[in-house]
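Novice: Pasting the sequence and the predicted model now:
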Amino acid sequence: MITEAGAPDVLKVQDRPAPAPGAGQVRVAVKAAGINFADVMARMGLYPDAPKLPAVVGYEFAGEVESLGSGVDGVTAGDRVLGGCRFGGYAEQVVVDVDQLIPLPDGWSFEEGAALPVNYSTAYAGLVRYGSLHADERVLLHAVAGGVGIAATQIAKQVGAEVFGTASASKHAAVRGFGVDHPIDYRSESFVKAVRRITGERQSLDLVMDAVGGSSFRKSFSLLRPGGRLVCFGASALVSGEKRSIPTAVKGVVQTPWFNPMRLMPESKAVIGLNMLTLWDAKGSLEEYVEPLRGWLESGAVRPVVAEAFPLERGPDAHRFIQERKNVGKVVLTL
């Protein structure tokens, strides 16, 4: 439970009544739950889509089907599944509509299953569905060592793109192994200068996926060539420290650029806002963004990378691990 807005220690394990599946629903015994930066922002009181506190968050899980509501076909008790949930993932049990479930691929751990729904749907939507990435194009992925960053790297390489990615120097060997062609140490060098140095061009990118926000949106936009697309899908720049910092949040908002259509038209560039929760609510599931990955998943070309798995009672440590940027891959909770 996020008992109140604050530092990681506001996460507490508490007992609540077991949820009961209704018509068309399934109750799953959760074995692993994915952690996303949105959960961190919700804990800090900075995520407008979060449920009213106290609340259980968590958008994704993997586990075993425990019981079925009326009218459910296609699954049976004991099936190994993964899926998305509209919050409630940090729990021993979760109830979801049966169409939110995906069979856990053979040979996958529960931890890997919990790392799939949000990160890979976000990466696919940003790169392919909205970013329209094509072979031989250049893409820049910010925070490329994180869950979305690795998912996007794997997908971009399957498309045939050249991948630039920002990460601290200690993570460069790992991200090269995942397929990043040009790792950039954002801590020691401006990523704008680095991209221009590598390419020898002032405007050389076709697509940027940016969840940093603030001034990063402006800098990313400056690297786009005509026809380029900037996909904005987060604002980690608004977060500093373990608790909400109003000055940091205000600074990030003030530094966020306004994109005027009268500028976008003559430059022939696009700025795309991406919020997977909005799409999820509008379309009823993430299937549109996960189903196209099925071939790559079955062939093993695309597979989640788990950085660390923390027992549920160590939820505060897991949140700190993410905020301290120690992870290379997805961070999950296990039960």
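Specialist: Structure received.
Novice: count of residues packed around the nearest residue to G160 once chain neighbours are set aside?
Specialist: Using Cβ to Cβ, 6 or more residues apart in numbering and skipping the chain neighbours, the partner closest in space to G160 is A135 (3.2 Å). Placement of C-beta: from N, CA and C, glycine included. By other Cβ atoms under 10 Å, the residues close to A135 number 9.
Novice: Now do the phi/psi pair for A135.
Specialist: phi -60, psi 140 (degrees, to the nearest 10).
Novice: how far away is it from Q158?
Specialist: Applying Cβ to Cβ, to the nearest Å, the value for A135 to Q158 is 10 Å.
Novice: same question, G234
Specialist: From G234 across to Q158, the span is 23 Å (Cβ to Cβ).
Novice: If you count surrounding residues, which of these two has more?
Specialist: Shown here are G234 and Q158; by other Cβ under 10 Å, G234 has more neighbours (22 against 18).
Novice: Helix, strand, or coil at that one?
Specialist: For G234, the secondary structure call by DSSP: H, G, I helix; E, B strand; the rest coil comes out as coil.
Novice: what's the answer for Y124, then?
Specialist: Looking at Y124 with three-state DSSP, the answer is helix.
Novice: count of neighbours near it?
Specialist: The local packing of Y124 (other Cβ under 10 Å) involves 25 other residues.
Novice: which residues touch D106?
Specialist: Counting by Cβ atoms under 8 Å, 6 or more residues apart in numbering, D106 makes contact with nothing.
Novice: Same question for the one 5 residues further on.
Specialist: With contacts taken as Cβ under 8 Å, 6+ apart, E111 has the following neighbours: 32, 62, 306, 309, 330, 332, 334.
Novice: Let me know the secondary structure of the second one.
Specialist: To tie it back to what came earlier, the one meant is A62. strand.
Novice: Grab the nearest non-local neighbour of it.
Specialist: What sits nearest to A62 in space, not counting adjacent residues and going by Cβ to Cβ, 6+ apart, is G113, at 3.1 Å.
Novice: Mind checking what secondary structure the one you found has?
Specialist: helix.
Novice: Is it correct that it is in contact with A32?
Specialist: Yes - the pair G113 / A32 is scored as a contact, 6.7 Å apart, by Cβ atoms under 8 Å.
Novice: what's the overlap in contacts for these two?
Specialist: Counting by Cβ under 8 Å, 6+ apart, the residues touching both G113 and A32 are A62.
Novice: mind listing what the residue positioned nearest the centre of the chain touches?
Specialist: Nearest to the geometric centre of the chain sits N119, at 3.8 Å (Cα atoms, centre = their mean). By Cβ under 8 Å, 6+ apart, the contact list for N119 reads 34, 36, 147-148, 150-151, 304, 330.
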